[in-house]
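> Dropping a prediction and its sequence here:
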Amino acid sequence: MREFKRTDRVADQLQKELAVLIQREVKDPRLGMVTVSGVEVSRDLGYADVHVTLLGEQTPEHIKENLAVLKRAAGFLRSRIARRIKLRHVPELRFHYDESVVRGQRLSSLIDEAVASDQAQHDEAADDDRDPVDGSAGGSADRDERD
């Protein structure tokens, strides 16, 4: 059995080519910093779902505008890809916004907050556990042994 399917190889090549083409050859000033995070090609190579992320402003209006620019440039990009990649039929490009990077950053910040909160509670509990008279740790256990 083959390790990689043909659709996977085509998707990888499309991702590389699109990343270069979008950065260098799409001259629309409304288009921000776009990165191609992934490409999924249909089994019949008819369609390619291109997942993009945006750097900078992440408002819904900005995302929608960038996707509209990419959709209008799809024919141009497809013709450029046809010159670079030898395929009988270049897949139709469909662009989608990939939220995974933003979601990952949000989850990472939530995890950092939880760790910091847990550490603060742990430090507070350690301070409360100290004996106020002599400053030694484990105050109640020491008193039980002395009685």
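Structure received. Numbers count the residues shown, from 1 in each chain.

> Tell me where the protein is predicted with low confidence.
Residue ranges of the chain with pLDDT under 70: 1-4, 130-147.

> quick one: the strands in it?
Using DSSP state E, the strands assigned to the chain run over residues 33-41, 47-55, 92-97.

> Reformat those strands as TSV; add distance to Arg6 and mean neighbour count.
(C-beta placed from N, C-alpha, C; glycine too.) Converted to TSV, the strands of the chain look like this (distance: least, Cβ to Cβ, whole Å; neighbours: other Cβ atoms under 10 Å):
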stretch	distance to Arg6	mean neighbour count
strand 33-41	9	18
strand 47-55	13	19
strand 92-97	17	17
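
> could I get these as TSV with distance to Arg83?
Output for these, formatted as TSV (distance: least, Cβ to Cβ, whole Å):
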stretch	distance to Arg83
strand 33-41	18
strand 47-55	16
strand 92-97	15
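
> of all those, which lies closest to Ile81?
Nearest of those to Ile81, taken as Cβ to Cβ: strand 92-97 at 8.3 Å.

> Give me the contact list for that closest one.
For strand 92-97, contacts defined as Cβ atoms under 8 Å, 6 or more residues apart in numbering pick out 18, 46-54, 63, 67, 70-71, 74, 77-78.

> got the CA positions of that strand in PDB?
Extracted in PDB, the C-alpha atoms of strand 92-97 (Å, rounded to 0.1, in the frame of the first residue of the first chain):
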ATOM      1  CA  GLU A  92     -11.300  24.800  -8.600                       C
ATOM      2  CA  LEU A  93     -10.100  26.800  -5.600                       C
ATOM      3  CA  ARG A  94     -12.500  27.500  -2.700                       C
ATOM      4  CA  PHE A  95     -11.100  29.600   0.100                       C
ATOM      5  CA  HIS A  96     -12.100  29.200   3.800                       C
ATOM      6  CA  TYR A  97     -11.000  31.000   6.900                       C
END
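
> What is the distance between it and the centre of its chain?
The chain centre lies 17 Å from the centre of strand 92-97; the measure is Cα atoms, centre = their mean, to the nearest Å.

> So in that sheet, which strands flank that strand, and in what orientation?
Strand 92-97 has the following sheet partners, assigned by DSSP bridges: strand 47-55 (parallel).

> who's in contact with the partner strand?
Applying Cβ under 8 Å, 6+ apart, the contact partners of strand 47-55 are 11, 14-15, 18, 32-42, 62-63, 66-67, 70, 91-98, 100-102.
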